[in-house]
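*Asks:* starting from these lines, generate the structure:
(chains A, B and C)
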Amino acid sequence: MSPSLPSPAELIPALAHELKALLAQKQINAPQFIGIRTGGVWVAQALLAELGHSDEHLGTLDVSFYRDDFTQNGLHPQVQPSALPFDIEGQHLVLVDDVLMSGRTIRAALNELFDYGRPASVTLVTLIELDARELPIRADVSALRLSLPADQRVKLRGPQPLSLELRQLSAATA
Amino acid sequence: MFALSHTQTLQLNDQGQLRHYLSIDGLSRELLTELLDTADSFLEVGARSVKKVPLLRGMTVCNVFFENSTRTRTTFELAAKRLSADVINLDISTSSTSKGESLFDTLRNLEAMAADMFVMRHGDSGAAHFVAEHVCPNVAVINAGDGRHSHPTQGMLDMLTIRRHKGDFAGLSVAIVGDILHSRVARSDMLALRTLGCTDIRVIAPKSLLPVGIEQYGATVYHDMNAGLKDVDVVIMLRLQKERMQGGLLPSEGEFFRLYGLTQQRLALAKPDALVMHPGPINRGVEIESAVADGEHSVILNQVTYGIAVRMAVLAMTMSGQKTQRQLDQESEA
Amino acid sequence: MRMTLKGARVIDPASQRDENVSIHIQDGRILALGNAPTGFTAERLLDYSGLVIAPGLVDLACALREPGFGRKGNIASETLAAAAGGVTSLCCPPFTRPALDTPAVAELILDRAREAGHTKVFPLGALSKGLAGEQLAELVALRDAGCVAFTNGLTQFQHIRTLRRALEYAATFNLTVVFTSQDRDLAEGGLVHEGPAAAFLGLPGIPETAETVALARDLLLVEQTGVRAHFSQLTSARGVEMIAQAQARGLPVTADVALYQLILTDEALHSFSGLYHVQPPLRSSSDREALREAVRAGVIQAIASHHQPHEGDAKRAPFGATEAGISSAELLLPLALTLVQDGLLSLPQLLERLSLGPAQALKLSAGKLGIGEAADLVIFDPESCTVAGERWFSKGENCPFMGHSLPGAVRYTLVDGHISYQR
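*Replies:* As a prediction, the model looks like this:
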């Protein structure tokens, strides 16, 4: 809709660069990557490729069972199992999502992670951070900060190629 | 068919989501698949160190059992607790007089205590339908077995077992053996198998243990165990109740085992990788020999594990469907 | 009171009359049809153009629930309901509390019915004491108290030899016995017709043989004892065939069917609604077709409501815990008119099955429009319609036809020339 959004392919190298620097600064070697389904998984895959790592051990998280909007919206219809192919106890984790908006998804993801064990640290990486926080949750690293009108949403399309799309909410769902 | 439309309208909300779970009858292949997918996700939760998700936090599940069943009740209880719901267990004997009225009153009382879900087992076929339609339409009613009619969570846990071991249902041959006449498990399994695309459903039993009109389930009848087991992928053995001997349906447990008992020798007629299933509890030496029940083909204990995941999925989906319906109702009022 | 009803189409199956003719009534009896007798002056001249006048309907089985079951119904409420259905004479079964096995109960029922005045009531007496099927009731005393026939309903005699003796005793005094043939053992534990619907729903079945095995036995006993017998509430094609064969070999047996059996089948069970719980059960569509054909051919002479009103609680339960029966006496004529609408019967044929046929089956003096007969009439509008439940007089609302729009509407029901119901 809007031509002003950059392509994710352009954003990923910067994201990888910034993450690398942050991890170095925190002296974190070999962290485990976890993507939040589904957009976060795509971003994590792209990020790992950019960093020259395999995504063989990429963890995936489906936060449907941890969402705080079950009483309003019910169960997400296409729930998939979370899959963490490693023990998270004492590990440094990089949690990846596509868009950070209210912060509720990240809250749910953190809750779910802690049901698996106690990680040493969690670093949050998002492709886009919107100026719409409802919880005190911020990305450690993000490639793009945006302010959108209340009736607009940004959506990541993928997996090949990744693209960003602006959506106008209809009056009924706004 | 009238049957489909009635159970369907009762079980589904205006958006076609499950709001009660009474029978497999009338549920689409897509919905059953969604249920199995959701159960798969919950199966993963059961493998974690903290086997609990906060989905139904603050909600109350009432297990109302008019017939005793420790196993089914326990797995429902575990399922509800793994979803963080509060659980109340009520074992109500059927011997109480005027049971119909007490059923009505009991459930109205529980509803007044702000129960969100009823998991109900009752000796009368259609009891769960009755509660969902006439007593508490706004409480999610989950049928944990009604008379000979339906045991839809058992049906779907059997399907989850088959899918996890065999993948797709198309091309599978599934044999159900034993007391089909009195079995709500057999009825639920046949409906689920047919809906999920299984084209070779066999029932193996003497005429005295078969209901009239079994053809309506798309099943083929075998009276001979050896012929029926030939090259099947899955064998589902049913439990044989002792009282069947008294009604003249069978001469003896011994003769039944001789004709329809699952032995290693007979199992060899099935495919080499055939699964052996049983809803439990097992009568060793009556419908199945121990070597088979405990053997490499047996997935009887896996069924129990899958049962918890399926029940979690059913609780979560029906509760979700009720919530959505409530929102739709509010919107249409406004 | 002298009155003349004119302008209506008068249908009287007994005289095969079907014409537009005036009816002159004096002192509750039919004085003349056609021209008024000389010297007759009507105090009231009523124009019923566009309506049909027929003999008041005779319902062979209409439970009044009194004495003993006041929550379900009483004589006043249920006879008014029947009058609204076009009924002027009805037989009430003996399943009261206490059972109708003593003259005192018969007298009580007749007194209350007279008091209510909505229909004539002809009680059926219990064939055995307390309907227990062990010891004979005092049949002759009951006859003298007004019982027109005797039945044990679905309760089978403990010993067939006792039944045989009972039939011989009844035959001695030329009493009529009404059978509802269903073998207790074969029906044991069953709720509904044993067929695909029952299998699908997991409801325990009652096989067709529960009816036919009992029917075979009962017909042979009737033949042996020579008792005058009426078979009530047939449900199966095979059962109808056995009645037809018995009639063909000269056995003077008559039969009735519940009106709902001509309309509903076991397909209706798919809702699990206890409203469709009846005993003997609704059977398959091929059974229904055979019953309809038997009504058309006259093997079955009578259509009865088999009205069984219940309080709400009796049906507010899972199917197996509900009480059996449908409340539909007040829909008798409109519901039966669907058979004309379906092309099964002509209107005069239907009216015969609803009045003359049942009256003859139990030898009741009713169901005719002859000169000197009681002026028991139903006057209805064949072109109008009745919405079931719009008005409802029975205490039992257990009717699966509620809300249905049915053909025809009863305008007046006259008993002995008095209006017992009008709309």
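*Asks:* going by C-alpha atoms from here, please, whenever you check contacts or count neighbours.
*Replies:* OK.
*Asks:* low-confidence stretches in chain B?
*Replies:* Applying pLDDT under 70 to chain B picks out residues B:1-5, B:93-101.
*Asks:* who in it is up against chain A?
*Replies:* Residues of chain B lying near chain A by C-alpha under 8 Å from any C-alpha of the partner chain: B:34, B:37-38, B:40-42, B:44-45, B:48-55, B:316-317, B:319-321, B:323-324, B:327.
*Asks:* any idea how far C:Ser77 is from the closest residue to C:Ser328 other than its chain neighbours?
*Replies:* In space, C:Ser328 comes closest to C:His307 once its chain neighbours are excluded; the distance is 5.5 Å by C-alpha to C-alpha, 6 or more residues apart in numbering or on different chains. Note on C:His307: its distance to C:Ser77, by C-alpha to C-alpha, to the nearest Å, is 12 Å.
*Asks:* neighbour count for these two, which is higher?
*Replies:* The neighbour count for C:His307 versus C:Ser77, taken as other C-alpha atoms under 10 Å in any protein chain shown, is higher for C:His307 (31 against 19).
*Asks:* which residues touch that one?
*Replies:* By C-alpha atoms under 8 Å, 6 or more residues apart in numbering or on different chains, the contact set of C:His307 is C:Ala61, C:Cys62, C:Ala63, C:Gly325, C:Ile326, C:Ser327, C:Ser328, C:Ala329.
*Asks:* over to B:Gly145?
*Replies:* So B:Gly145 contacts B:Met120, B:Arg121, B:His122, B:Gly123, B:His151, B:Pro152, B:Arg184 (C-alpha under 8 Å, 6+ apart).
*Asks:* and with 7 Å instead?
*Replies:* By C-alpha atoms under 7 Å, 6 or more residues apart in numbering or on different chains, the contact list for B:Gly145 reads B:Arg121, B:His122, B:His151.
*Asks:* again, but for C:Leu163
*Replies:* Contacts for C:Leu163 (C-alpha under 7 Å, 6+ apart) come out as C:Phe157.
*Asks:* neighbours of residue 24, how many?
*Replies:* I went with chain A, as the question did not name one. Per other C-alpha under 10 Å, the neighbour tally for A:Ala24 reads 11.
*Asks:* my question was about chain B, not that one.
*Replies:* B:Ile24, neighbours per other C-alpha under 10 Å, totals 26.
*Asks:* now B:Gly58
*Replies:* The burial count for B:Gly58: 11, using other C-alpha under 10 Å.
*Asks:* same question for A:Lys26.
*Replies:* Residues near A:Lys26, counting by other C-alpha under 10 Å: 9.
*Asks:* and it, how close does it get to chain C?
*Replies:* Applying C-alpha to the nearest C-alpha, to the nearest Å, the value for A:Lys26 to chain C is 66 Å.
*Asks:* cool, and A:Val99?
*Replies:* Counting by C-alpha to the nearest C-alpha, the gap from A:Val99 to chain C is 49 Å.
*Asks:* also A:Gly117?
*Replies:* A:Gly117 is 48 Å from chain C, by C-alpha to the nearest C-alpha.
*Asks:* which residues are in contact with that residue?
*Replies:* Shown in contact with A:Gly117 (C-alpha under 7 Å, 6+ apart): A:Ile88, A:Glu89.
*Asks:* circling back to that earlier point, and the contacts of B:Gly145, which is closest to chain C?
*Replies:* For those, the closest approach to chain C (C-alpha to the nearest C-alpha) belongs to B:His122, at 9.4 Å.
*Asks:* what subset of the residues of chain B next to chain A is buried?
*Replies:* B:34, B:37-38, B:40-42, B:45, B:51-55, B:316-317, B:319-321, B:323-324 (16 or more other C-alpha atoms under 10 Å in any protein chain shown).
*Asks:* who are the neighbours in contact with the residue lying closest to B:Thr220 once chain neighbours are set aside?
*Replies:* Leaving aside its sequence neighbours, B:Thr220 sits nearest to B:Arg202 (C-alpha to C-alpha, 6+ apart; 4.8 Å). By C-alpha under 7 Å, 6+ apart, the contact list for B:Arg202 reads B:Val174, B:Ala175, B:Ile176, B:Ala219, B:Thr220, B:Val221, B:Tyr222, B:Gly228.
*Asks:* show me what the helix or strand harbouring the first one is packed against.
*Replies:* What it means is B:Val174. Using DSSP states H and E, B:Val174 sits in strand B:173-177. If you count contacts as 3 or more C-alpha pairs under 7 Å, 6 or more residues apart in numbering or on different chains; DSSP states H and E, strand B:173-177 packs onto strand B:200-204, strand B:234-237.
*Asks:* of those, which is nearest A:Val63?
*Replies:* With C-alpha to C-alpha as the criterion, A:Val63 lies closest to strand B:234-237 of these, at 34.6 Å.
*Asks:* can you get me a residue count around B:Gln15?
*Replies:* Taking other C-alpha under 10 Å as the criterion, the count of residues near B:Gln15 is 10.
*Asks:* ignore what I typed, I meant C:Ser346.
*Replies:* Residues lying near C:Ser346 (other C-alpha under 10 Å) number 15.
*Asks:* by mean pLDDT, point me to the weakest helix or strand of chain A.
*Replies:* The weakest-scoring helix or strand in chain A, judged by mean pLDDT, DSSP states H and E, is helix A:70-73 (a mean of 77).
*Asks:* which SSE is immediately downstream of it?
*Replies:* Remark: after helix A:70-73, the chain's next helix or strand is strand A:92-100, criterion DSSP H and E.
*Asks:* what sits closest to the residue of the stretch 1-150 of chain C found nearest chain B if chain neighbours are left out?
*Replies:* Residue nearest to chain B within the stretch 1-150 of chain C: C:Arg71 (15.2 Å; C-alpha to the nearest C-alpha). In space, and not counting its chain neighbours, C:Arg71 is closest to C:Glu311: 5.8 Å by C-alpha to C-alpha, 6+ apart.
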